[in-house]
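Enquirer: Fold the following and give me the result.
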Amino acid sequence: MAFRFELSGMHKQILLITVVTFFLYAHGHSEESLSEVFLMDQFILDAGLICNVRPSAECIDIGWEYVDTDADGKLTLSEVIVSKKALSDWTVWEKASLSTRQRDAFAISLWFIDGVGIENIFQSYDSDGNGFLRLEEFIVDIDLDHRPLIAVLSDPTAVDTESVSRRFGNFEPLIGELLMGEQFRQ
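Expert: Predicted coordinates for the structure are as follows:
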């Protein structure tokens with residue numbers, strides 16, 4: 001005879017965390033990595049609520065605050081690398097719940113970042129060469145306005161696609177298609 005019992009909400013959360021912890025450790029992720037995945041999950045939930053309806057500057061601000069872990073108003077390469085790794089780990093963790101379009105978008109984005117090199121991208125935006133990114137440096141290629149960020153990024157008059165393309169070096173021929181492609185506008 002099988003023993004059956006119901007789990008309370010708190011016990012379900014503990015079980016979920018235990019299963020995810022086991023999964024991540026089994027795939028070579030550290031406890032720090034697990035913490036970053038949970039923070040990324042919360043960030044994506046919060047940002048999704050803001051970025052889909054609020055003005056683009058608010059979306060950029062919430063993303064900036066997430067990556068700027070020491071809250072000094074500027075980003076270091078280390079902060080950017082940790083956030084990129086968290087996003088990569090999060091996409092593995094959430095793979096089953098993402099739509100095909102979402103998985104493709106994350107995979108292509110991460111592939112581009114890895115292909116170009118996060119260090120190269122960081123340096124291309126660090127216009128004064130001080131080793132830090134200021135918000136003004138980061139958004140130099142985008143004209144933020146009252147529209148949600150996805151609408152701004154889909155507007156060819158709001159994004160300096162030539163400048164963005166130059167930042168991606170050998171990937172320049174593909175970046176225009178990425179920025180203007182149908183799969184990222186819907």
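
Enquirer: what about the strands in the chain?
Expert: Using DSSP state E, the strands of the chain run over residues 74-76, 132-134.

Enquirer: Using JSON lines, lay out those together with mean neighbour count, mean pLDDT and distance to Ser88.
Expert: Backbone N, C-alpha and C define where each C-beta goes, glycine included. Putting those into JSON lines (neighbours: other Cβ atoms under 10 Å; pLDDT from 0 to 100; distance: least, Cβ to Cβ, whole Å) gives the following:
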{"stretch": "strand 74-76", "mean neighbour count": "19", "mean pLDDT": "95", "distance to Ser88": "18"}
{"stretch": "strand 132-134", "mean neighbour count": "19", "mean pLDDT": "96", "distance to Ser88": "20"}
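
Enquirer: Make CSV from the ones you listed and add distance to Trp64 to it.
Expert: Output for the strands of the chain, formatted as CSV (distance: least, Cβ to Cβ, whole Å):
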stretch, distance to Trp64
strand 74-76, 8
strand 132-134, 9
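
Enquirer: and Trp90, which of those is closest to it?
Expert: Proximity to Trp90, assessed across the strands of the chain by Cβ to Cβ, is greatest for strand 74-76 (18.9 Å).

Enquirer: which residues sit against that closest one?
Expert: Contact with strand 74-76 is made by Trp64, Val67, Asp68, Gly131, Phe132, Leu133, Arg134, Phe138, as judged by Cβ atoms under 8 Å, 6 or more residues apart in numbering.

Enquirer: so what's the third one closest to, chain neighbours aside?
Expert: For Asp68, the nearest residue in space outside its immediate sequence neighbours is Leu75; the separation is 5.7 Å by Cβ to Cβ, 6 or more residues apart in numbering.

Enquirer: can you pull up the bridge partners for the one you found?
Expert: Leu75 has these beta-bridge partners by DSSP bridges: Leu133.

Enquirer: Could you list the low-pLDDT ranges of this protein?
Expert: Scanning the chain with the threshold set as pLDDT under 70 gives 1-34, 169-186.

Enquirer: what do you get if the cut-off is 80, keeping everything else the same?
Expert: Low-confidence regions of the chain, defined by pLDDT under 80, span residues 1-38, 108, 112, 161, 164-186.

Enquirer: Quick one: list the elements packing against the longest helix anywhere in it.
Expert: Longest among the helix segments of the chain by residue count, using DSSP state H, is helix 31-51. Contact analysis of helix 31-51 by 3 or more Cβ pairs under 8 Å, 6 or more residues apart in numbering; DSSP states H and E lists helix 9-26, helix 56-67, helix 77-93 as its packing neighbours.

Enquirer: Try it again at 10 Å.
Expert: helix 9-26, helix 56-67, helix 77-93, helix 149-153 (3 or more Cβ pairs under 10 Å, 6 or more residues apart in numbering; DSSP states H and E).
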